[in-house]
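> Curious how this folds, go ahead:
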Amino acid sequence: MTWNRIKEKGKRVRVRLIRFLAALGFREEMFLILIAALVGVSAGLSAVGFGWLVRWADSLFFGRLATSIDALGTRVYLLPLIPAAGALLVSVLVTYIIPAARGPGVPSVIYALTRTGGWIPFRVAVGKALGSAVTIGSGGSAGTEAPIIHIGATLGSVVGRWLRISPQHMPVIVAAGAAAGLGAIFNAPIAGVLFALEIFLQDIHYKTFTPVVIASVTASTLARAVTHRSIAMFALPAELTSYHYEWYELGNFIFLGLLCGLAAVAFIRTFYTLERWFRNLNLPRVLKPAIGALLLGVLGLMMVKLIQHSGHTPAIFGNGYNWIRYMLNPNNYGVVVAGYQFTGALLLLLFVLKLCGTCFTLSSGGTGGEFGPALFLGASLGGSLATAMTSLGLHAVSTPTNYVIVGMAGFLAGTTHAPLTAILLLFEITGNYAIILPIMIAAVLATTCSQLIHPHSIYSLHLREMGIKVCNLSDLALLRKMTLRQAGIKLSPAVHPNDPVEQLVEKAKGYPEADFAVTDLNGQYLGMVARKDFRAALLYRDAIPLLVVEELMRSCCPLSPDDTLETALTQFTLYDLDSLPVVEANRVLGLVTHNEIMKTYQQALEANRT
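As a prediction, the model looks like this:
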């Protein structure tokens, strides 16, 4: 069967499915929910497959090539070549084979939503899966969440295009795919939903919320069924779950939240400083990720030679999830774990080296996410603070485990500027509700501290360099708070239905807007003459003396001066006009223009951010 016949058969199946659902009485919103479930199934299976691919790559690079650092023996100095080799393979893939897979995952999805209507080629998902699996498996310091978010979003885009989803609903389906991927990979469906709403859609509404929930829950349930993993990702054994804190520890958690905010700013600035350095490096693009991975390998070699007691893969390699589990276990503190003497000084050193290693990996062009490293960095920062306070004789520390969890939430929130996602994610991946209040405090304080010092998250800064401004929820709320009275209503010359069009020509000479509200002799609103209709009439000069205003007038639902800017923008989209009439008690107050509304909105945004 040829590819064209396959496409034609798929088209017939699609048309029959749409007709069948329409015959059953499914409205477009319900159809969207069914599509979200389909996207959830595909994203859930993809998350399982991607997890297997990462483990296979890890076994290839550190199982077959070097079962342990001891196996390298005197060749331990070749260790940096392992991540460099993986990075070089990925760089060849994204430079010559699938160039569209180059770049960060989450900002790329936001770019697709804002610039291409959610259109993401399927080959991007393939490139992201292969590239990220090799990067992480060969020791690259990156997380698995951004690739699977991009994969899920791509699947949503592909399914949406195949089923001919309308343009206004495509972002919802793409975001649903992203939520499904994150929910499935972390076994955290609630966090997946909030991440999609906070980062991609920037809106919490029933019509957007429902499909995203359906996709995330479907994907997480399917992933659990296939992998038989029903417990939380970082859950501890029952005998170690005594997560209680005293009220006087809240001061410690407040300090930790602020510390995470400062550290998140340091991470973001280091990340983009190195990215600009690699960008300006006078070398072929294909070699730059290998250089970044080589620098990461040098850091790992330093750890092996200076502080490691036995042969293991360096702690800063890979996504670091196993090391997060070590840090969560309070029994590991003060003993040798995975070849290291587990102390506060070690955790602080791991924080510095992991931060640098992640920046080397991703800033140079490596493929992967920032979630995993952010969780590792927050855990090491929280654990080091707890051990430092204990060693100083400050006994106001219940258990290091609490500080590790709170540190993860704080650092993740400070990095992504998505506190709701951080709060719910830490609850879901640890299965612990007992310290939800410290988690909430740390996440909010870290986000606030980070935004005060550096207004851009690790995602939005990349988008700004691409020339894209992304609004947040408070920005969008301005559209729903500001009314047309604040937008500047312009007076419109009086025009009546029986006026000759020739009079419009004379009035237009001193009236640059060229849009006219039409009223009766008592000033009651009837309709309007749009600029495009007026200009079309001018093409037929001989007919103008015979025309009256009523023949050019169109029906147009007027706005009220108390309508919001959001309502006005919706009306502009509906009628495809440059100006709309503003009417109070059926009397025309004037016209409001699309440009004036956007100008007022931008001025309000600037005032709101200063």
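> Going by C-alpha atoms from here, please, whenever you check contacts or count neighbours.
Will do.
> per the record, what domains does the protein have?
3-65+98-227, 238-469, 477-609 (automatic domain parsing).
> Secondary structure element holding the residue lying closest to L412 once chain neighbours are set aside?
Once flanking residues are discounted, L412 sits nearest to A374: 5.5 Å by CA to CA, 6 or more residues apart in numbering. Assigned by DSSP states H and E, A374 belongs to helix 371-391.
> what packs against that helix?
Applying 3 or more CA pairs under 8 Å, 6 or more residues apart in numbering; DSSP states H and E, we find helix 371-391 packed against helix 145-162, helix 250-280, helix 321-328, helix 344-363, helix 400-416.
> Just give me the residue closest to the centre of this protein.
The chain has I199 as the residue nearest its centroid, 4.1 Å off, counting by CA atoms, centre = their mean.
> For it, which non-adjacent residue is closest in space?
Ranked by CA to CA, 6+ apart and with sequence neighbours excluded, the top spatial neighbour of I199 is A418, at 7.4 Å.
> does the one you found really touch F195, like I thought?
Yes - judged on CA atoms under 8 Å, A418 makes contact with F195 at a distance of 7.3 Å.
> the more surrounded of these two?
F195 (26 against 20; other CA atoms under 10 Å).
> can you tell me which residues contact the spatially closest residue to that one that is not a sequence neighbour?
Among residues not flanking F195 along the chain, T421 sits closest, at 5.4 Å (CA to CA, 6+ apart). Residues near T421 by CA atoms under 8 Å, 6 or more residues apart in numbering: 191-192, 194-195, 198, 413.
> Repeat that for I458.
Taking CA under 8 Å, 6+ apart, we find I458 in contact with 268, 415-416.
> need the domains of the chain in JSON lines with mean pLDDT, can you?
Below are these laid out as JSON lines (pLDDT from 0 to 100):
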{"stretch": "domain 3-65+98-227", "mean pLDDT": "81"}
{"stretch": "domain 238-469", "mean pLDDT": "85"}
{"stretch": "domain 477-609", "mean pLDDT": "75"}
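> Please state the backbone phi and psi of Y525?
With angles defined as degrees, to the nearest 10, Y525 sits at phi -70, psi 140.
> Report the separation between it and V582.
Relative to V582, Y525 is positioned 10 Å away (CA to CA, to the nearest Å).
> do the same with L299
From L299 over to V582 the distance is 65 Å, taken as CA to CA.
> Those two - which one has more neighbours?
Using other CA under 10 Å as the criterion, L299 and V582 rank with V582 on top: 27 against 19.
> Can I take it that that one is in a helix?
No - applying DSSP: H, G, I helix; E, B strand; the rest coil, one finds V582 to be strand, outside a helix.
> ok, it - contacts?
489, 558-561, 588-592.
> secondary structure class for L236?
Three-state call for L236 (three-state DSSP): coil.
> Show the backbone phi and psi for the closest residue to it other than its chain neighbours.
Residue nearest to L236 in three dimensions, not counting chain neighbours: N329, with 7.3 Å by CA to CA, 6+ apart. Torsion angles at N329 (phi, psi; degrees, to the nearest 10) stand at phi -90, psi 110.
> Neighbours of N329, how many?
Neighbour tally, N329, other CA under 10 Å: 18.
> you'd agree it is up against A235?
No - with contacts counted by CA under 8 Å, N329 stays clear of A235, the gap being 9.9 Å.
> V548 - how many residues pack around it?
Neighbour count for V548, taken as other CA under 10 Å: 18.
> same deal with L60?
For L60, the count of nearby residues is 16 (other CA under 10 Å).
> Wait, a strand at it?
No - applying three-state DSSP, one finds L60 to be helix, outside a strand.
> For it, list the residues it contacts.
Going by CA under 8 Å, 6+ apart, the list of residues near L60 reads G137.
> Just put the contacts of V582 in TSV and tack on neighbour count, distance to G318 and secondary structure.
Formatted as TSV, the contacts of V582 follow (neighbours: other CA atoms under 10 Å; distance: CA to CA, whole Å; DSSP: H, G, I helix; E, B strand; the rest coil):
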residue	neighbour count	distance to G318	secondary structure
I489	19	58	coil
P558	21	59	coil
L559	20	57	strand
S560	20	58	coil
P561	20	57	coil
V588	23	66	strand
L589	20	64	strand
G590	21	63	strand
L591	23	59	strand
V592	24	56	strand
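> Select, from those residues, the two members most distant in space.
The most widely separated members of the contacts of V582, counting by CA to CA, are I489 and P558 (12.9 Å).
> out of the contacts of I458, which is most surrounded?
In the contacts of I458, the most neighbours by other CA under 10 Å go to T415, 29 neighbours.
> show me what contacts it?
261, 264-265, 267-268, 374, 447, 450, 457-458.
> circling back to that earlier point, now, among the contacts of I458, which is nearest to G117?
Set against G117, the nearest of the contacts of I458 by CA to CA is T416 (23.4 Å).
> gap between the residue nearest to E246 when sequence neighbours are not counted and S42?
Nearest residue to E246, sequence neighbours excluded (CA to CA, 6+ apart): S398, at 7.3 Å. As judged by CA to CA, S398 and S42 stand 43 Å apart.
> neighbour count winner among these two?
S42 (23 against 16).
> Would you mind confirming that the more buried one is in contact with A153?
No - between S42 and A153 no contact is recorded; they are 10.8 Å apart, counting by CA under 8 Å.
> mind listing the strands for this structure?
Under the criterion DSSP state E, the chain contains strands at 336-337, 340-341, 516-519, 525-529, 579-584, 587-593.
> Listing partners with orientation, what would you give for the second one?
Right, strand 340-341. With DSSP bridges as the test, strand 340-341 is paired with strand 336-337 (antiparallel).
> these two touch, right, L353 and V298?
No - contact between L353 and V298 fails when scored by CA under 8 Å: they sit 10.6 Å apart.
> Enumerate every residue touching the nearest residue to G431 once chain neighbours are set aside.
Computed as CA to CA, 6+ apart, the closest residue to G431 that is not its neighbour in sequence is A232, at 5.6 Å. Residues in contact with A232 (CA under 8 Å, 6+ apart) are 187, 428-431.
> show me the contacts for A315.
Shown in contact with A315 (CA under 8 Å, 6+ apart): 300, 323, 350.
> now, among the residues you listed, which is nearest to Y575?
Of the contacts of A315, the one sitting nearest to Y575 (CA to CA) turns out to be W323, at 57.4 Å.
> who touches the closest one in this structure?
With CA under 8 Å, 6+ apart, W323 has these contacts: 315, 376.
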